[in-house]
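Peer 1: Below is the sequence, then the predicted model.
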Amino acid sequence: MAIRVEHEMHERRKGRNFGVGLLLVGFIAIVFGLTVVKVLQLGDARKFETFDHVSRPQIIPAEDAE
């Protein structure tokens, strides 16, 4: 079997795939960055548990429950 030279079409596809991969990595980085900023803005990590828009009696402090 002879070694075949890559066709020009393969070179274009490789370039496109590289571009799509960069876009995907960029999107993931943006989502991760927004998540980190959101969590850090809460200040206390325990507040993250309360940020689900659902009333849960087990997380209400004792002085407010009376």
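Peer 2: Nice, I can see it. Numbering: from 1, shown residues only.
Peer 1: give me the element Arg16 is part of.
Peer 2: Assigned by DSSP states H and E, Arg16 belongs to helix 8-42.
Peer 1: Counting by contacts, list what that helix packs against.
Peer 2: Judged by 3 or more Cβ pairs under 8 Å, 6 or more residues apart in numbering; DSSP states H and E, helix 8-42 is in contact with helix 45-50. From N, CA and C alone the C-beta is placed, and that goes for glycine too.
Peer 1: Tell me, how many residues neighbour Val39?
Peer 2: 13 (other Cβ atoms under 10 Å).
Peer 1: Just the pLDDT for it.
Peer 2: Per-residue pLDDT puts Val39 at 79.
Peer 1: and Leu42, how many residues sit next to it?
Peer 2: Leu42: 13 neighbours (other Cβ under 10 Å).
Peer 1: Now for the chain, the helix or strand with the poorest mean pLDDT.
Peer 2: When each helix and strand of the chain is scored by mean pLDDT, DSSP states H and E, helix 62-65 comes last, with a mean of 58.
Peer 1: where does this structure have low pLDDT?
Peer 2: 1-2, 44-56, 58-66 (pLDDT under 70).
Peer 1: hmm, 90 instead?
Peer 2: Low-confidence segments of the chain (pLDDT under 90): 1-15, 35-66.
Peer 1: which parts of the helix holding Arg16 are buried?
Peer 2: Of the residues in helix 8-42, none count as buried by neighbour count, 16 or more other Cβ atoms under 10 Å.
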